[in-house]
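Chemist: Here is the input, now give the coordinates:
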Amino acid sequence: MKTANLGVLFAIELIALGAVGAYGFTRDVATPLAWLLGLAGLAVMITAWALFGSQKAPHKTRGATRVAFELVWFGAGVAALALSGAYLWAIAFAALCAVSKALAVHWKQ
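Modeler: Now for the predicted structure:
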């Protein structure tokens, strides 16, 4: 069960990235601007994770700072889904994040 949760944790990181990228790429704007929005959203998310979220991050967050970082990170994925009109998917993703992160804290993952 603990190993499965590690897989879920990785999957929700990728889902958050995908949701933010998809939101940017599918905006009803000129194609170059949609590409810019999609790539910029992905760049911001990847850079933030590389600097603060990953296991090898140079500025690794802990405690309340980590909780705040992950709320913003996964909240961006939830918000991107909701703003895209996928309200049920946004709710399901938020619930999955909450359960998986709660289990990770309980199991000290």
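
Chemist: Residue 17 - how many residues pack around it?
Modeler: Residues near residue 17, counting by other CB atoms under 10 Å, number 19. For every residue, glycine as well, the C-beta is placed using N, CA and C.

Chemist: confidence score at residue 84?
Modeler: On the pLDDT scale, residue 84 is placed at 95.

Chemist: I figured it hits residue 24, correct?
Modeler: No - using CB atoms under 8 Å as the test, residue 84 is too far from residue 24 to be in contact (10.2 Å).

Chemist: of the two, who's got more company?
Modeler: More crowded of residue 84 and residue 24, by other CB under 10 Å: residue 24, with 21 against 15.

Chemist: Quick one: residues contacting that one.
Modeler: 34, 36, 37, 38, 39, 40, 41, 42 (CB atoms under 8 Å, 6 or more residues apart in numbering).

Chemist: export the helix or strand containing it as PDB, just CAs?
Modeler: Using DSSP states H and E, residue 24 falls within helix 2-25. Taking C-alpha atoms only, helix 2-25 is exported to PDB below (Å, rounded to 0.1, in the frame of the first residue of the first chain):
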ATOM      1  CA  LYS A   2       2.800   2.400   0.800                       C
ATOM      2  CA  THR A   3       4.500   1.700  -2.500                       C
ATOM      3  CA  ALA A   4       1.300   2.300  -4.300                       C
ATOM      4  CA  ASN A   5       1.000   5.700  -2.600                       C
ATOM      5  CA  LEU A   6       4.400   6.600  -3.800                       C
ATOM      6  CA  GLY A   7       3.200   5.900  -7.400                       C
ATOM      7  CA  VAL A   8       0.100   8.000  -6.800                       C
ATOM      8  CA  LEU A   9       2.200  10.900  -5.400                       C
ATOM      9  CA  PHE A  10       4.300  10.900  -8.600                       C
ATOM     10  CA  ALA A  11       1.200  10.600 -10.700                       C
ATOM     11  CA  ILE A  12      -0.500  13.700  -9.100                       C
ATOM     12  CA  GLU A  13       2.700  15.700  -9.700                       C
ATOM     13  CA  LEU A  14       2.400  14.900 -13.400                       C
ATOM     14  CA  ILE A  15      -1.300  15.500 -13.400                       C
ATOM     15  CA  ALA A  16      -0.800  19.000 -11.900                       C
ATOM     16  CA  LEU A  17       1.800  19.700 -14.600                       C
ATOM     17  CA  GLY A  18      -0.400  18.400 -17.400                       C
ATOM     18  CA  ALA A  19      -3.400  20.400 -16.200                       C
ATOM     19  CA  VAL A  20      -1.500  23.700 -16.100                       C
ATOM     20  CA  GLY A  21       0.000  23.000 -19.500                       C
ATOM     21  CA  ALA A  22      -3.300  22.000 -21.000                       C
ATOM     22  CA  TYR A  23      -5.000  25.100 -19.600                       C
ATOM     23  CA  GLY A  24      -2.500  27.300 -21.300                       C
ATOM     24  CA  PHE A  25      -2.400  25.500 -24.600                       C
END
